[in-house]
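> Show me how the following folds:
(one chain, ligands or ions: 2)
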Amino acid sequence: MEGVDYLADERKKAEFDVNEMKIVWAGSRHNFELSDRISKLVANDPGFSKEGRTMLPRKELFKNTLRKATYAWKRIIELRLSEEEAAKLRHFVDEPAFTDLHWGMFIPAIKGQGTDEQQKKWLPLAYKMQIIGCYAQTELGHGSNVQGLETTATFDPQTDEFVIHSPTLTSSKWWPGGLGKVSTHAVVYARLITNGKDYGINGFIVQLRSLEDHKPLPGVTVGDIGLKFGNGAYNTMDNGVLRFDHVRIPRDQMLMRVSQVTREGKYVQSDVPRQLLYGTMVYVRQTIVSDASNALSRAVCIATRYSAVRRQFGSQNGGQEIQVIDYKTQQNRLFPLLASAYAFRFVGEWLKWLYTDVTQRLQANDFSTLPEAHACTAGLKSLTTTATADGIEECRKLCGGHGYLCSSGLPELFAVYVPACTYEGDNTVLLLQVARFLMKTVSQLGSGKKPVGTIAYMGRIEHLMQCRSDVKQAKDWLKPSAVVEAFEARAARMSVACAQNLSKFDNPEEGFAELAADLAEAAVAHCQLIVVSKFIEKLQQDIPGEGVKQQLEVLCGIYYLFLLHKHQGDFLGTGYITSKQASLANDQLRALYSQLRPNAISLVDAFNYTDHFLDSILGRYDGNVYPKLYEAAWKDPLNQSDIADGFHEYIRPLLKQQLRTARL
Ligand SMILES: CCCCC/C=C\C/C=C\C/C=C\C/C=C\CCCC(=O)SCCNC(=O)CCNC(=O)[C@H](O)C(C)(C)COP(=O)(O)OP(=O)(O)OC[C@H]1O[C@@H](n2cnc3c(N)ncnc32)[C@H](O)[C@@H]1OP(=O)(O)O
Ligand SMILES: Cc1cc2nc3c(=O)[nH]c(=O)nc-3n(C[C@H](O)[C@H](O)[C@H](O)COP(=O)(O)OP(=O)(O)OC[C@H]3O[C@@H](n4cnc5c(N)ncnc54)[C@H](O)[C@@H]3O)c2cc1C
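Ligands and ions are numbered 1, 2, ... in the order given. Modelled structure (predicted):
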């Protein structure tokens, strides 16, 4: 690190071992060493420079992304990186690209829905990138309603082929990343029709472009859908449009793990549930939850460092002004986001475990935990991406005016991140899936079926419906049992209230539609309970390192007490706490802010981000903000000359005219 460290005093205040916290954040010593090594490798390679990225026009921006993505691949081969190292390298290159969908969805779709034979044929080609694939599900007319997709795949027994066709304008595939300009192949979701009968949605591997000259194959119309939100940002991705005019593919390119079509055209359903067709979405939702803490921690790191550098008001006797991080209002906006970043980290780790467990069970034909896995991935994807997108925007505001500059890194981070609230399932639609799961669970209470896993608390419904908080003083809110019971009682009571209201409707679907807003709130309460519980469970583990566990306890307290404060209405309305107890929670929250304050900078240092990855002048490790902001301004193309292009054409005549007017 060159020069003076303007945050050195802040770093000296830390009351815990930052290096040990880095390992907790990374998940293990192995993960830490891997991330540390690969992030530095990327940061020190000029081929991955981010310089001037937000200033490039779309075509150049896109070409630059292609260069970076292929350069990354070259380095992966040269350095003989493992799959794990390669994924880290792509992460730290930090530029959305077709490779995300190739590795993140195309390959997982073939792995999850292809037969052994299909995997053997397609995966080696995909692993070597001899074919490049995307995930073509969403259409112009339907995204959320997967069963409403219109593309058809009609079996032709004469030729043993499927005919893929886009019968309407709204059936055009619309949005798939990597489709517009790069992919040679796609997993296309289409309605399977054989012997005149529609068997619903299935996946098909379809070649789109020639492997010789990259031209679209006959019957394929494909292109980019146009500029998206933000400068630079997600415009590095070629989200695409795709239409088929009776394109023929061999029968064995239907992904046949879930169901098959025989040579004679007979549809055969395996004994695996149809929902496995949605398996790639479950997988990606889980990775999105893990990724939320990356994006949020990045924004929080920038806002925290800058809040310690920035001073406003309060100078006494000519001394320095107050660091804005010392304002309680700043802490009340910033520290819960710092705590959320840690909370999402741990819930992401847990969800990864859950996903691995479900996958192993599925392989052994045990499908019993699939509904819970769907509810958890859907709900936590919704909760964490909503909080992260809102959190990044809050971090931008926490940086005042300078947060609005692209050189703060925050506008681009927000623009790249915010579609996570929509892709892989609109966040409201996903909450309603959780609500369905909750209503089903409530309706089965008393049937003898014991709720397990994240829904086990419903098994104690009688107690949870009538218990009251026994908090008497502020510090009682630090007792894990008091907190867990509060979140359980709130979630259970909100679900039961919805179920009671639903039972007043003759038609349950009508009731569900009418009560959707309440149901979504009940789902949020359930998902927040999961995050809080997993944070508390994490703290029950043995965590080495001086002061590390204590800091995590402070963060955990801030996370749940902030939620309790924000959703006070739920906790009071369901009658679990009194207004006095709510006020005690708030007192405890303020006390925790004070405990966190001296550790704030070190807690964001524990993310171990390089300046290259953060790409933010406000978030620089050394805090040397002002000279670097000043320097960066002069690099703007507008400052290449004193006289702007267009001056002579437009401004000069205007000034002349004003002179003449003034003379009149
Ligand atoms: C740059 C940052 C990257 C960060 C990420 C990092 C790494 C990620 C790696 C790779 C990703 C790369 C880049 C990421 C960028 C962009 C990728 C975006 C890709 C996409 O954007 S790709 C399209 C995704 N598009 C959707 O996301 C559509 C949402 N829409 C649906 O998902 C369904 O359409 C639904 C569920 C709304 C309704 O569906 P429906 O009408 O058919 O079902 P219904 O409600 O009737 O439910 C019938 C029974 O199925 C059960 N059920 C439903 N879903 C299930 C599931 N998944 N698993 C197990 N069970 C499931 C129910 O629980 C019920 O069960 P029961 O009968 O027991 O009640
Ligand atoms: C950047 C980006 C990348 C993407 N990448 C891919 C990709 O690679 N492959 C792919 O196939 N797709 C991709 N998508 C598409 C994405 O998955 C869909 O946009 C997403 O699933 C939402 O569907 P929709 O656009 O149809 O939204 P809609 O469902 O039309 O949502 C519009 C509004 O209606 C509401 N709504 C819809 N249904 C209900 C309901 N039942 N109850 C209550 N409210 C409802 C929603 O909450 C929302 O407010 C991508 C999208 C984006 C933005």
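> Quick one: neighbours of whichever residue of the stretch 1-150 of the chain sits closest to ligand 1, just the number.
As assessed by CB to the nearest ligand atom, ligand 1 sits closest to G104 within the stretch 1-150 of the chain, at 2.1 Å. In short, each C-beta sits where N, CA and C put it, glycine included. Per other CB atoms under 10 Å, the neighbour tally for G104 reads 20.
> Pretty sure it sits in a helix.
Yes. Applying DSSP: H, G, I helix; E, B strand; the rest coil, one finds G104 inside a helix.
> so who does it touch?
If you count contacts by CB atoms under 8 Å, 6 or more residues apart in numbering, G104 has them with V284, T287.
> per-residue confidence at it?
pLDDT recorded at G104 is 97.
> Show the contacting residues for Q331.
Applying CB under 8 Å, 6+ apart, the residues near Q331 are I325, Y593, L596, R597.
> Can you tell me the element it falls in?
Element membership for Q331, per DSSP states H and E: helix 328-363.
> Kindly report the same for F437.
Here F437 is assigned to helix 427-444, by DSSP H and E.
> What is the helix or strand following that helix packed up against?
Remark: after helix 427-444, the chain's next helix or strand is helix 461-466, criterion DSSP H and E. When contacts are defined as 3 or more CB pairs under 8 Å, 6 or more residues apart in numbering; DSSP states H and E, helix 461-466 sits against helix 480-502.
> average pLDDT across the following helix or strand past the helix it packs on?
Scanning forward in sequence from helix 480-502 by DSSP H and E, the next helix or strand is helix 508-514. Mean pLDDT, computed over helix 508-514, is 97.
> quick one: the residue in the chain that ligand 2 sits nearest to from C421, how far?
Here the residue of the chain nearest ligand 2 is G143; by CB to the nearest ligand atom that distance is 2.3 Å. G143 sits 13 Å away from C421, going by CB to CB, to the nearest Å.
> ditto for A486
Going from A486 to C421 by CB to CB gives 28 Å.
> likewise I302?
For I302, the distance to C421 - CB to CB - is 20 Å.
> which one of the two has more residues nearby?
The residue with more neighbours, out of I302 and C421, is I302; 29 against 19, by other CB under 10 Å.
> wait, is the more buried one part of a helix?
Yes. Assigned with three-state DSSP, I302 falls within a helix.
> check contacts around it.
Here I302 is in contact with C395, C399, S408, G409, L410, L614, S616, L618, G619 (CB under 8 Å, 6+ apart).
> Dump the residues you listed into a markdown table; add distance to Q119 and secondary structure as well.
Shown next, in a markdown table, are these (distance: CB to CB, whole Å; DSSP: H, G, I helix; E, B strand; the rest coil):
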| residue | distance to Q119 | secondary structure |
| --- | --- | --- |
| C395 | 42 | helix |
| C399 | 48 | coil |
| S408 | 45 | helix |
| G409 | 40 | coil |
| L410 | 42 | helix |
| L614 | 39 | helix |
| S616 | 42 | coil |
| L618 | 47 | coil |
| G619 | 43 | coil |
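> wait, T151 sits on T170?
No. Contact criterion CB atoms under 8 Å: T151 and T170 do not qualify, at 10.2 Å.
> What about E509, how many residues nearby?
Neighbour count of E509, defined by other CB under 10 Å: 8.
> now swap in the one 5 residues further on and tell me
Neighbourhood size, E514 [other CB under 10 Å]: 15.
> surely it meets F505?
Yes. Look at E514 against F505 with CB under 8 Å: they come within range, at 7.0 Å.
> Need the overlap of contacts for the two.
Taking CB under 8 Å, 6+ apart as the criterion, E514 and F505 do not both touch any residue.
> Contact partners for S293?
Residues in contact with S293 (CB under 8 Å, 6+ apart) are A341, Y342, F344, R345, G348, T384, T388.
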